[in-house]
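> model this:
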Amino acid sequence: MYQHYKRWIAYRNNSSALTYGTIDVFKGSDPRLIAFTRNYRDETLLVLHNISDQVISFKVPHEFTEIKFSSNGEVFMNGQELTLVG
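Residues are numbered from 1 along each chain as shown. Predicted coordinates for the structure are as follows:
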């Protein structure tokens, strides 16, 4: 658990969007999913949290093309379709 939080804090501290950015919530998304973007200057991150114990699929906006951080490693991206394991 310690290593998980240590890794997450290091990632957050190296991201201007996560440290200083504004938050724009995705309205109307799946209620099992918390979805928002963090924006600061030239950095925009899509943040997704599966708060259920189910598998959720999410159509990712075209400007997001890679997974930069996953807290549990069970996130899969196929084109613009993202699958988050609960």
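
> regarding the chain, what is its longest helix?
Taking DSSP state H as the criterion, the chain has its longest helix at helix 2-13.

> off-centre distance for it?
Centroid separation for helix 2-13 versus its chain: 15 Å, with Cα atoms, centre = their mean, to the nearest Å.

> center of this protein, which residue is that?
With the centre of the chain defined as its mean C-alpha position, the nearest residue by Cα atoms, centre = their mean is Val47, 2.6 Å away.

> related to what we said a few turns ago, got the CA positions of the longest helix of the chain in PDB?
Taking C-alpha atoms only, helix 2-13 is exported to PDB below (Å, rounded to 0.1, in the frame of the first residue of the first chain):
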ATOM      1  CA  TYR A   2       2.800   2.400   0.900                       C
ATOM      2  CA  GLN A   3       4.500   1.900  -2.500                       C
ATOM      3  CA  HIS A   4       1.100   2.600  -4.300                       C
ATOM      4  CA  TYR A   5       0.700   5.900  -2.600                       C
ATOM      5  CA  LYS A   6       4.300   6.800  -3.000                       C
ATOM      6  CA  ARG A   7       4.100   6.200  -6.700                       C
ATOM      7  CA  TRP A   8       0.800   8.200  -7.000                       C
ATOM      8  CA  ILE A   9       2.200  11.200  -5.100                       C
ATOM      9  CA  ALA A  10       5.300  11.200  -7.200                       C
ATOM     10  CA  TYR A  11       3.200  11.200 -10.400                       C
ATOM     11  CA  ARG A  12       0.900  14.000  -9.000                       C
ATOM     12  CA  ASN A  13       3.900  16.100  -8.000                       C
END
